[in-house]
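**Q** Below are the sequence and a predicted model for it; my questions follow.
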Amino acid sequence: MASDKALVGAAGEHLVLSRLLSRGLLAAPAPRGTEKVDIVVTNQDGKSSFRIQVKTTEGSTSNGWFLSAKHESQSDPDLYFCFVLLRPTSPQVFVVPSSIVSAAIQADHRHWLQKPSRSGEPHRDSSMRRIREKMPLMAPHWLDDYLERWEQID
């Protein structure tokens, strides 16, 4: 049975909140509709704050996580993406700085536009972007470097 996308997204956000709180960070959901952020984080002394955008998928990383063209310009030092892979017994979170996400999807999209489609025609530009474990211009299994890398935010 297919899961409701809203429930999958909420599950991912709650998982990330749980992991942040268990590390002693103060974390809370951002108000709905807040641009570029799902979770706001600060350390206990209030000297450092971070913003997190959560993307959640179920099953495997082969299809990746969907983003859009606007994410190409989101490269802020205090913004992180948490790519959640929901699995019933062992969910995983890839904690990736926004500068890495931005560069990866820009390069991947340019590469995709330069390749012909299956029919041999040029690809039509689209606002859809994806982060995947296997991306042509990234090292194999590059996402593994960011698996549960919470110390970047600590």
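**A** That came in fine, so what should we check first?

**Q** Sticking with residue 8, tell me its helix or strand.
**A** helix 5-22 (DSSP states H and E).

**Q** Show me which residues of that helix are buried.
**A** Residues of helix 5-22 classed as buried: 8-9, 11-13, 15-17, 19-20 (neighbour count, 16 or more other C-beta atoms under 10 Å). Bear in mind the C-beta positions are built from the backbone N, C-alpha and C, glycine included.

**Q** and it, what's its mean pLDDT?
**A** Helix 5-22 carries an average pLDDT of 94.

**Q** before we move on, the earlier item: could you dump the buried residues of helix 5-22 to TSV with distance to residue 102?
**A** Listed next are these as TSV, based on distance: C-beta to C-beta, whole Å:
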residue	distance to residue 102
8	24
9	21
11	26
12	20
13	21
15	24
16	20
17	24
19	23
20	22
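
**Q** picking up where we left off before, remind me what the helix holding residue 8 packs against, helices and strands.
**A** strand 26-29, strand 39-42, strand 49-58, strand 79-86, strand 92-97 (3 or more C-beta pairs under 8 Å, 6 or more residues apart in numbering; DSSP states H and E).
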